Structure formats: structure tokens, C-alpha cells
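[1] what's the 3D shape of this:
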Amino acid sequence: MSDLYTKFDAVFFEKTRLSILTLLYREHELSFNRLKEALGTSDGGLYAHLEKLRQAGYIDRQKAIIEESVSSLYCLTPQGKTRFREYVEFLEAVVNQHTEKESS
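    Numbering: from 1, shown residues only. Predicted coordinates:
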């Protein structure tokens with residue numbers, strides 16, 4: 001289990017940022033306001049988390065016009081998708097290992 005904390009960096013493995021990555025993986029693309037609504041966070045808090053993920057190369061931001069106003073849209077980069085899949089695979093391996101031990 002100690003591998004859990006060394007397999008992923010601190011930018012990836014933080015609760016709010018992991019939630020952002022999960023939402024973006026599932027939805028493919030979300031606006032700043034939709035992320036804020038889903039996470040129940042403040043503008044400043046969300047922006048700080050998004051910027052950390054963007055600087056780490058996990059997400060990308062684009063501007064778009066939505067309902068006559070400019071909005072920031074976020075999506076996972078190829079690196080972000082890969083790292084998220086690795087995280088899910090790691091969790092599946094932990095669950096499978098635990099299930100195998102219970103069956104023995």
C-alpha cells in the first residue's frame with residue numbers, strides 16, 4: 001500500500017484535484033462554472049487547483065463563447081488521461097489483491 005503514495009505526485013494526489021480529474025475524465029470537458037458547481041468550491045480555490053493541474057500538464061484550458069459570454073473550458077491532456085487510467089488500474093489491483101486474500 002505504500003506504493004500508493006509514491007506512484008503519483010502530490011499535484012495529482014490531492015482530494016480536490018483528483019475530483020477535478022475524475023470529473024474531466026468522465027465528462028471529457030467542463031466549464032469553470034460547472035466544475036465549481038459540482039465541487040462546491042470558491043472561485044479562487046478552484047482556480048488555484050486548476051492552475052496546479054494545468055502547470056503539471058494534466059489539464060488544458062480553452063476559451064469559448066457559451067450563452068453570449070466567454071467561458072473557460074477544461075479537459076484532460078493525453079498525459080492527464082494516461083495518469084488517471086494508471087491511477088484507476090492501481091486501485092483495481094489493490095481491490096483485486098484484497099479480494100483474493102479474502103477468498104483464501
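
[2] which stretches of the protein form helices?
    3-7, 15-27, 32-39, 43-55, 78-103 (DSSP state H).

[3] Can you lay out those helices as JSON lines showing distance to residue 72, mean neighbour count and mean pLDDT?
    C-beta here means a position set from N, CA and C on the backbone, and glycine is covered the same way. Shown next, in JSON lines, are these (distance: least, Cβ to Cβ, whole Å; neighbours: other Cβ atoms under 10 Å; pLDDT from 0 to 100):
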{"stretch": "helix 3-7", "distance to residue 72": "30", "mean neighbour count": "10", "mean pLDDT": "62"}
{"stretch": "helix 15-27", "distance to residue 72": "13", "mean neighbour count": "17", "mean pLDDT": "96"}
{"stretch": "helix 32-39", "distance to residue 72": "4", "mean neighbour count": "16", "mean pLDDT": "96"}
{"stretch": "helix 43-55", "distance to residue 72": "8", "mean neighbour count": "16", "mean pLDDT": "97"}
{"stretch": "helix 78-103", "distance to residue 72": "16", "mean neighbour count": "12", "mean pLDDT": "85"}
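
[4] wait, which of those helices is closest to residue 68?
    The closest of those to residue 68 is helix 32-39. By Cβ to Cβ, the value is 14.1 Å.

[5] which other helices and strands contact that closest one?
    Packing partners of helix 32-39 (3 or more Cβ pairs under 8 Å, 6 or more residues apart in numbering; DSSP states H and E): helix 15-27, helix 43-55, strand 69-76.

[6] Kindly reformat these as JSON lines containing distance to residue 88.
    Converted to JSON lines, the helices and strands packed on helix 32-39 look like this (distance: least, Cβ to Cβ, whole Å):
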{"stretch": "helix 15-27", "distance to residue 88": "9"}
{"stretch": "helix 43-55", "distance to residue 88": "17"}
{"stretch": "strand 69-76", "distance to residue 88": "13"}
